[in-house]
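> Next come a sequence and a model predicted from it.
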Protein chains: 2
Amino acid sequence: MVSDAIWAALADPHRRAVLDLLRREGGCTVGRIVDELGASQPATSKHLRVLREAGMVQVHKDAQRRVYTVDPEAVARVDAWLEPYRKLWNESLDALDRHLDTQPGTPKHS
Amino acid sequence: MVSDAIWAALADPHRRAVLDLLRREGGCTVGRIVDELGASQPATSKHLRVLREAGMVQVHKDAQRRVYTVDPEAVARVDAWLEPYRKLWNESLDALDRHLDTQPGTPKHS
DNA sequence: CCGGTATATTCCTTGACTGGAATATAAACC
DNA sequence: GGTTTATATTCCAGTCAAGGAATATACCGG
């Protein structure tokens, strides 16, 4: 199940930007995130706290630095939540296919 | 891209419950949603408005009734956002595999 | 120990979201 | 046309999250 905390964490654009950055970089220090995303250091730390408490990121210490990384497990849970909806999505594609099939001359998508 | 409105809509547990219900039922009237989920009618209408403006549900009229259905397109966009993270997820599974492979005697998951 | 760097936390204010109650709109039925 | 049914909207009060500024904590180098 996806906890409320995960959805709440994802609701903020800045936090999604942090996640995207962490994903692309494979992990970042707080300072790096501040530099890249341009939010203040306290704001960034607070967003990281939310992400951490939602279980979406992990931290490990490197002297004074904290290196944050995405916890793929949390994202996988969101993915699992989407699963039943994916069927809907596929069905609507199928319905489109059938519709196109009944329209001779309409180009079919490959 | 996933609009902020979609993430904001998903942030509310009641709205996710509405989506789940609409998905399972393949569409519902407002009254049905009120009965099933137990929120007040005005609250439900307001949640539906948020979902509608985020493009997550569609409405069609049936006399005085409004039948709401999930718009699979919106969910598909969330799915697409998750895509790059799925790679992380798979990599971490692979890493686990490799780790287990270096631990003779440790049972492997099928 | 001290200054400097890196990060976290607190305090405060402001804006946004939520839900309830009442009311409005719209369509059906008689 | 008036009443009933179905849904939407408005108004309002309470709650909560976000950001800035200042401060605290932790760690390193000398």
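Now that the structure is in, tell me what you want to look at.

> secondary structure element for the residue nearest to A:M1 when sequence neighbours are not counted?
Using CB to CB, 6 or more residues apart in numbering or on different chains and skipping the chain neighbours, the partner closest in space to A:M1 is A:R77 (7.1 Å). Placement of C-beta: from N, CA and C, glycine included. According to DSSP states H and E, A:R77 maps onto helix A:72-101.

> List the buried residues of that helix.
A:72, A:74-79, A:81-82, A:85, A:88-89 (16 or more other CB atoms under 10 Å in any protein chain shown).

> of the residues you listed, list those near DNA strand C.
Checked against DNA strand C using CB under 7 Å from any atom of the strand, the buried residues of helix A:72-101 give no members in range.

> Tell me which two of these sit farthest apart.
Greatest spatial distance among those (CB to CB): A:P72 and A:L88, at 25.0 Å.

> that older thread, contacting residues for the residue nearest to A:M1?
By CB atoms under 8 Å, 6 or more residues apart in numbering or on different chains, A:R77 lies in contact with A:1-2, A:6.

> What separation do you get for it and A:G31?
Per CB to CB, to the nearest Å, A:R77 is found 29 Å from A:G31.

> any idea which helix or strand of chain A has the worst average confidence?
Within chain A, no helix or strand scores below helix A:72-101, which has a mean of 84 by mean pLDDT, DSSP states H and E.

> Need the pLDDT of A:L19.
Note for A:L19: predicted pLDDT of 97.

> How many residues are close by it?
Neighbours of A:L19 under the rule other CB atoms under 10 Å in any protein chain shown: 21.

> Grab the nearest non-local neighbour of it.
Among residues not flanking A:L19 along the chain, A:V70 sits closest, at 6.1 Å (CB to CB, 6+ apart).

> From what I see, the one you found and B:W89 are in contact.
No: contact between A:V70 and B:W89 fails when scored by CB atoms under 8 Å: they sit 9.6 Å apart.

> phi, psi of A:V2?
phi -100, psi 120 (degrees, to the nearest 10).

> Pull the distance from stretch A:63-79 to the chain's centre.
On the basis of CA atoms, centre = their mean, to the nearest Å, stretch A:63-79 sits 11 Å off its chain's mean C-alpha point.

> End to end on that stretch, go ahead and measure it.
Taking CA to CA, to the nearest Å, stretch A:63-79 runs 35 Å from one end to the other.

> hang on, isn't A:Q41 packed against A:D35?
No: A:Q41 is beyond contact range of A:D35, at 10.0 Å (criterion: CB under 8 Å).

> give the contact list for A:R15.
Applying CB under 8 Å, 6+ apart to A:R15 gives the contacts A:9, A:47, A:50-51.

> Switch those over to JSON lines; also include secondary structure, neighbour count and distance to chain B.
Shown next, in JSON lines, are these (DSSP: H, G, I helix; E, B strand; the rest coil; neighbours: other CB atoms under 10 Å in any protein chain shown; distance: CB to the nearest CB, whole Å):
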{"residue": "A:A9", "secondary structure": "helix", "neighbour count": "25", "distance to chain B": "9"}
{"residue": "A:H47", "secondary structure": "helix", "neighbour count": "22", "distance to chain B": "14"}
{"residue": "A:V50", "secondary structure": "helix", "neighbour count": "17", "distance to chain B": "12"}
{"residue": "A:L51", "secondary structure": "helix", "neighbour count": "27", "distance to chain B": "13"}
